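Student: coordinates for the following, if possible.
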Amino acid sequence: MTATADSTRTTAIAWFIWALGATHYFYAFFQRVTPSVIDQELMRDFSATGSELGSLGGAYFFTYAGLQFPLGILLDRYGPRRIMAISALLAGLGSIGFGLADNLTPAILGRLLVGAGVGVGLIGTMKLTMIWLPPHRFATITGVTMFIGVLGALLGQTPVRFVVDELGWRETVIWAGVFGLILALAIWLIVRDRGIGAAIAQPETKRSIAKGLASILVNPQTWYLSLFSGMLSGPILTFTTLWGTSFARESYGMSPETAVFSMSVALAGFGLGLPSGGWASDQLKRRKPPLWAGAALCLATWLIILAWPQPPLTAALILFFLNGLASGWVVTVFALAREVNLPQFGGSVVGFINMMGIGAVAILQPLTGYLLDQFWDGTIENGVRIYSDQAIRQAFMLFPACSAVALASCFFMRESQNRQLVS
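Tutor: This next block holds a predicted model:
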């Protein structure tokens, strides 16, 4: 076989392996948004309050976030194939368990297992990108990966609503669990841990891992980037994955179907923001401009969304889209975090950043539910708590506050100019 032919074959294999990893992340986002679509069914079948629904929604994020750093360490130590296959298996089993739950406790346990299983989707795919694909396109490929994840969220919105109406919510999440089992088998059979970045893929010793982790944790830049990640992405993910449909219905007067669609629009903006933010950063050869712009635009749009009583539908959708777009520019923090830390611990670095980002969602979802319960006026319809427009807007003031913190953190970040600063 000629060198050219071998290179072509390797490239094709590399992209196929990356695609399986991206599918894992697609599955993570699909699972992430499911509660926002079936919130009414969950509150009815489990007799849940807002705080309890927030706990159910947040369960996914607690295990997802809590395992990011440990999973990054395992990826660096053992490689992505085994870790990603086992994780997909656990996610599938958790989804099936959630669908079979007859009360809130096993439902929460099922969602905890789902969050634990899908948590490796993004960082595992980033590790595969480091191993198999060109390093100078890392931000762009990461953005495309995350865009594919958001496609999973879009599929998990309006299309899932149609399926739930036909089959029921339990059957829908059980079939989603079966998909996870199939994905686990495909990853086990096809993914390999050695590629063009074989030096990065070599398993680290326990001593070198400890030294590498220490260097990550004592680096102030890691913490600034982690804070930014949580404060910029946390509100949009809290909004679109659980509470946004309630806001669109009660505060903007949308029909249930239009409210679900509006969340799809916000997620579409987020999805487009991910690759566009990574691409802009690679083209500008600077990491910070997309971060500055994203935080500023997020702050502005949140303030308008919460201050405008009932805008026309088109204006509301534009605001949701722009907020999602600006939130998607968070993708650049992963490339910057990798460049200000040791490259051989890339899995651990992105795992830590993602842990802090998703951890913000794990806190914001139940915290928003708690605030909604505090501002609730006692209205109940068909066994479901109805939160007033005023209660929702008061609770959602959390979101612009988070954007302001993200904007402030930009002052402390170091610009890498797309170069590896630590080696």
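Student: residue 255: neighbour count?
Tutor: As a burial measure, the neighbour count of residue 255 was computed by other CB atoms under 10 Å and equals 10. All C-beta atoms are positioned from the backbone trio N, CA, C, and that covers glycine.
Student: likewise residue 160?
Tutor: Residues lying near residue 160 (other CB under 10 Å) number 22.
Student: repeat for residue 317
Tutor: Taking other CB under 10 Å as the neighbour definition, residue 317 ends up with a count of 22.
Student: what does the pLDDT read for it?
Tutor: Per-residue confidence at residue 317 stands at 96 (pLDDT).
Student: over to residue 258?
Tutor: The per-residue pLDDT reported for residue 258 equals 91.
Student: how about the secondary structure of residue 421?
Tutor: Classification of residue 421 using DSSP: H, G, I helix; E, B strand; the rest coil returns coil.
Student: am I right that it is in contact with residue 342?
Tutor: No. At 10.4 Å, residue 421 does not count as touching residue 342 under the criterion of CB atoms under 8 Å.
Student: so for the two, which sits in the more crowded spot?
Tutor: Set side by side, residue 421 and residue 342 show more neighbours around residue 342, with 19 against 14, by other CB under 10 Å.
Student: which residues belonging to stretch 317-336 are considered buried?
Tutor: Of all the residues in stretch 317-336, those buried under the rule 16 or more other CB atoms under 10 Å are 317, 319-336.
Student: what about it, start to end distance?
Tutor: Start to finish, the residues bounding stretch 317-336 are 31 Å apart (CA to CA, to the nearest Å).
Student: phi and psi next, for residue 92.
Tutor: Geometry field for residue 92 lists phi and psi as phi -60, psi -40, criterion degrees, to the nearest 10.
Student: can you count the residues close to it?
Tutor: Applying other CB under 10 Å, we find 27 other residues in the vicinity of residue 92.
Student: can you give me the neighbour number for the closest residue to it other than its chain neighbours?
Tutor: Excluding the flanking residues, the one nearest residue 92 by CB to CB, 6 or more residues apart in numbering is residue 180, at 2.7 Å. Neighbourhood size, residue 180 [other CB under 10 Å]: 25.
Student: for residue 414, same thing?
Tutor: 15.
Student: need the contact list for it.
Tutor: For residue 414, the set of contacting residues under the criterion of CB atoms under 8 Å, 6 or more residues apart in numbering consists of 221, 340, 421.
Student: do the same with residue 87
Tutor: For residue 87, the residues meeting the contact criterion (CB under 8 Å, 6+ apart) are 24, 71, 116-121, 124, 184.
Student: for the residues you listed, which one is nearest residue 137?
Tutor: Sorting the contacts of residue 87 by how near they are to residue 137, with CB to CB, puts residue 124 at the top with 18.2 Å.
Student: got phi/psi on that closest one?
Tutor: The phi and psi torsions at residue 124 (degrees, to the nearest 10) take the values phi -70, psi -40.
Student: that one contacts residue 74, correct?
Tutor: No. Residue 124 is not in contact with residue 74 according to CB under 8 Å; the separation is 9.6 Å.
Student: out of the two, which sits in the busier spot?
Tutor: residue 124 (31 against 23).
Student: and that one, what does it touch?
Tutor: Applying CB under 8 Å, 6+ apart to residue 124 gives the contacts 21, 24, 71, 75, 80, 83-84, 87, 347.
Student: mind putting those residues in JSON lines, secondary structure included?
Tutor: Putting the contacts of residue 124 into JSON lines (three-state DSSP) gives the following:
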{"residue": "21", "secondary structure": "helix"}
{"residue": "24", "secondary structure": "helix"}
{"residue": "71", "secondary structure": "helix"}
{"residue": "75", "secondary structure": "helix"}
{"residue": "80", "secondary structure": "helix"}
{"residue": "83", "secondary structure": "helix"}
{"residue": "84", "secondary structure": "helix"}
{"residue": "87", "secondary structure": "helix"}
{"residue": "347", "secondary structure": "helix"}
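Student: hmm, back to that, please enumerate the shared neighbours of residue 124 and residue 74.
Tutor: residue 83.
Student: then stretch 62-75 to PDB, C-alphas only?
Tutor: Listed next in PDB are the C-alpha coordinates belonging to stretch 62-75 (Å, rounded to 0.1, in the frame of the first residue of the first chain):
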ATOM      1  CA  PHE A  62     -24.600  16.200  39.600                       C
ATOM      2  CA  THR A  63     -23.100  12.900  38.500                       C
ATOM      3  CA  TYR A  64     -22.200  14.300  35.100                       C
ATOM      4  CA  ALA A  65     -20.300  17.200  36.600                       C
ATOM      5  CA  GLY A  66     -18.900  15.300  39.600                       C
ATOM      6  CA  LEU A  67     -17.300  12.600  37.400                       C
ATOM      7  CA  GLN A  68     -15.700  14.900  34.800                       C
ATOM      8  CA  PHE A  69     -12.400  15.300  36.500                       C
ATOM      9  CA  PRO A  70     -12.100  11.600  37.500                       C
ATOM     10  CA  LEU A  71     -13.200  10.600  33.900                       C
ATOM     11  CA  GLY A  72     -10.500  12.800  32.500                       C
ATOM     12  CA  ILE A  73      -7.900  11.100  34.600                       C
ATOM     13  CA  LEU A  74      -9.200   7.700  33.600                       C
ATOM     14  CA  LEU A  75      -9.000   8.800  29.900                       C
END
